[in-house]
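Participant: I need the structure of the sequence given here:
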Amino acid sequence: MAEKHNAREKGYEDYHLKIGPILAATAGIIAVAILSFIAMWAMFLGLEQAVIYMTDDPPPMAAHQKPYQGPLIQTVPSAELTQVRAETNRTLTKYGWIDRDAGVVHLPIERAIDLVLERGFPVRE
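Facilitator: Residues are numbered from 1 along each chain as shown. This next block holds a predicted model:
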């Protein structure tokens, strides 16, 4: 029969914690961390060698590329916005040809709305 455990006799519990599994888990975590560090270090060395290998010779099309002139920055954004809005307004409020040969025109938006209300929306047959 199993021995009864009575913690009150000594004033404390006398059973021992099994430290083996705790040490094994700790060692496993440390081993995984070390192996991960070594793997990342090897990858960085490999990438460094790849960059050195790739930068030895310029690509064949590099001679045909124009040198970079910097970003295209708007000098006066408000004036350019005004110009874009004026062009958009002109397109939305005037008549004009889109394709003269095909007979395609653009209408002022108000006229287009009126035509759709008169004729109705196209229906698939």
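
Participant: how far does stretch 95-105 sit from the chain's center?
Facilitator: 41 Å (C-alpha atoms, centre = their mean, to the nearest Å).

Participant: List the buried residues of it.
Facilitator: Judged by neighbour count using 16 or more other C-beta atoms under 10 Å, stretch 95-105 contains no buried positions. Backbone N, C-alpha and C define where each C-beta goes, glycine included.

Participant: Outside of it itself, list whatever touches it.
Facilitator: Counting contacts by C-beta atoms under 8 Å, 6 or more residues apart in numbering, the residues outside stretch 95-105 that touch it are 106, 107, 108.

Participant: Which of the residues you listed fall in strands?
Facilitator: When these are checked against strands (DSSP state E), the matches are residue 106.

Participant: of the contacts of stretch 95-105, closest to residue 33?
Facilitator: Sorting these by distance to residue 33 puts residue 106 at the head of the list, at 66.9 Å, by C-beta to C-beta.

Participant: Identify the bridge partners of that closest one.
Facilitator: Using DSSP bridges, the beta-bridge partners of residue 106 come out as residue 96.

Participant: Do you know the pLDDT at residue 13?
Facilitator: On pLDDT, residue 13 comes in at 67.

Participant: ok, now residue 105?
Facilitator: pLDDT recorded at residue 105 is 89.

Participant: Tell me the secondary structure at the spatially most central residue of the chain.
Facilitator: The C-alpha lying nearest the average C-alpha coordinate of the chain belongs to residue 71 (C-alpha atoms, centre = their mean; 22.0 Å). Under DSSP: H, G, I helix; E, B strand; the rest coil, residue 71 falls in the coil class.

Participant: re earlier: a markdown table for the contacts of stretch 95-105, including distance to residue 28?
Facilitator: As requested, the contacts of stretch 95-105 are exported to a markdown table (distance: C-beta to C-beta, whole Å):
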| residue | distance to residue 28 |
| --- | --- |
| 106 | 72 |
| 107 | 75 |
| 108 | 76 |
